[in-house]
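Colleague: sequence and predicted structure are below.
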Amino acid sequence: MAIPNEAGRKGVASGSRRATENVSEVGITKETVQYVAHLARIELKPEELEKFSGQLQDIINFIDKLKKLDVNNINPTSHILPLENVFREDIARESLPVDKVLMNAPRREGNFFSVPKVIE
């Protein structure tokens with residue numbers, strides 16, 4: 001199945017778009033959304049196609065806005081807030097006694113939980 005391009009003509013999928021090309025030049029049409037839905041085996045109603053194509057185009061337009069920002073002097077981050085490890089120290093300590101752990105087990109074999117076999 002060919003992918004519909006922004007001009008409505010059928011084209012072949014390729015990753016040959018230049019990195020400098022604006023994402024909004026690609027355009028998200030109802031046909032593109034229908035094609036992707038077909039690949040994902042999702043059935044969409046006509047009003048859903050209209051809604052999703054508009055929403056996806058809005059996302060593409062927002063990405064274009066972000067591409068125009070000058071981020072040369074901004075350090076990369078993985079989170080917007082500075083994070084610190086809030087975990088306690090990992091100190092070994094005594095565990096619960098085996099009998100107490102297995103007290104409410106439906107079945108047990110020795111010092112272990114017994115569960116039904118699930119792989120045949």
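Modeller: Here it is on my side, so go on. Remember, predicted model here, so these are calculated numbers, not experimental data.
Colleague: list the buried residues of the lengthiest helix in the chain.
Modeller: Counting residues, the longest helix found in the chain (DSSP state H) is helix 46-67. Residues of helix 46-67 classed as buried: 49, 52-53, 56-57, 60 (neighbour count, 16 or more other Cβ atoms under 10 Å). The way it works is simple: take the backbone N, C-alpha and C, and place the C-beta from them, glycine included.
Colleague: past that helix, which element shows up next along the chain?
Modeller: Past helix 46-67, further along toward the C-terminus, the next helix or strand under DSSP states H and E is helix 98-101.
Colleague: any idea of the mean pLDDT for the helix or strand that that next one is followed by?
Modeller: Scanning forward in sequence from helix 98-101, with DSSP H and E defining helices and strands, the next element found is strand 108-109. Strand 108-109 carries an average pLDDT of 92.
Colleague: also stretch 77-85?
Modeller: pLDDT averaged over stretch 77-85 gives 79.
Colleague: make CSV out of the buried residues of helix 46-67 and add pLDDT.
Modeller: Supplementary listing: those in CSV, determined by pLDDT from 0 to 100:
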residue, pLDDT
Leu49, 94
Phe52, 95
Ser53, 94
Leu56, 94
Gln57, 94
Ile60, 93
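Colleague: dump the residues you listed to JSON lines, plus distance to Asp90.
Modeller: Rendered in JSON lines, the data for these read as follows (distance: Cβ to Cβ, whole Å):
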{"residue": "Leu49", "distance to Asp90": "52"}
{"residue": "Phe52", "distance to Asp90": "46"}
{"residue": "Ser53", "distance to Asp90": "50"}
{"residue": "Leu56", "distance to Asp90": "45"}
{"residue": "Gln57", "distance to Asp90": "49"}
{"residue": "Ile60", "distance to Asp90": "45"}
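Colleague: excluding sequence neighbours, find me the nearest residue to Leu56.
Modeller: Closest residue to Leu56 apart from its sequence neighbours, by Cβ to Cβ, 6 or more residues apart in numbering: Ile28 at 4.3 Å.
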